[in-house]
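Asks: My questions concern the predicted model and sequence given below.
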Amino acid sequence: MSEEWQIEFYSDDEEAISPVRQFLQDAALTKGELKQFQFRLKLLQAYGLQLLIERSDILAKIKGEDNLYELRLDNTPNNPRIFLCALTDKRLFLLHGFKKKSRKTPKREISTAIQRQKRLLEREEKQNEQE
């Protein structure tokens, strides 16, 4: 297996706690859900976007969006989800976590992830210009 993917938690600034870390701590997820997320993050680290093909039950692309993916836990009490995006150098950024309460993913949840993704890409672009 080639080099592992790097999992990073998005935050608005370097001092703030990541919204996904906050979600995992405060969302009243069950111990089983937290354990499953840990396992799935390890799979994501090992296989990256290859999981889209290998395990579509774990990772899915958000329709109509470039570079936005959903890490899922189905058939659990809270049906938690984490949106993420991929950047160069095999880096995956966890952008937004939420509990899915209906069959369809709410647009406001996708919108939150897209806004964070845009801010992240702008920050990356600025850093690249400075180097």
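Replies: Nice, thanks for sending it over.

Asks: Now do the helices in this protein.
Replies: Secondary structure of the chain (DSSP state H): helices located at 19-26, 31-47, 51-54, 107-130.

Asks: From the contact counts, what lies against the last one?
Replies: So the one you mean is helix 107-130. strand 80-87, strand 91-99 (3 or more CB pairs under 8 Å, 6 or more residues apart in numbering; DSSP states H and E). C-betas here are computed from N, CA, C, even on glycine.

Asks: I'd guessed L84 sits against F93; true?
Replies: Yes - counting by CB atoms under 8 Å, L84 sits close enough to F93 to count as a contact (6.0 Å).

Asks: quick one: which of the helices of the chain is nearest G97?
Replies: helix 19-26 (3.3 Å; CB to CB).

Asks: buried stuff in the closest one?
Replies: For helix 19-26, the neighbour count (16 or more other CB atoms under 10 Å) marks 19-20, 23-24 as buried.

Asks: Any chance of TSV for those, columns distance to W5 and pLDDT?
Replies: Below are the buried residues of helix 19-26 laid out as TSV (distance: CB to CB, whole Å; pLDDT from 0 to 100):
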residue	distance to W5	pLDDT
P19	20	95
V20	16	95
F23	21	94
L24	19	92
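
Asks: Residue nearest the middle of the protein, spatially speaking?
Replies: L84 (2.8 Å; CA atoms, centre = their mean).

Asks: And the pLDDT for that residue?
Replies: pLDDT recorded at L84 is 98.

Asks: Any idea what it is bridged to?
Replies: Y69, L94 (DSSP bridges).

Asks: Next up, the contacts around it.
Replies: By CB atoms under 8 Å, 6 or more residues apart in numbering, the contact list for L84 reads 44, 68-71, 92-95.

Asks: Relative to L120, which of these is nearest.
Replies: F93 (5.8 Å).

Asks: circling back to that earlier point, any chance of the contacts of L84 in TSV, with neighbour count and distance to K35 too?
Replies: Formatted as TSV, the contacts of L84 follow (neighbours: other CB atoms under 10 Å; distance: CB to CB, whole Å):
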residue	neighbour count	distance to K35
L44	24	15
L68	19	26
Y69	22	21
E70	20	19
L71	22	14
L92	21	20
F93	22	23
L94	24	17
L95	24	22
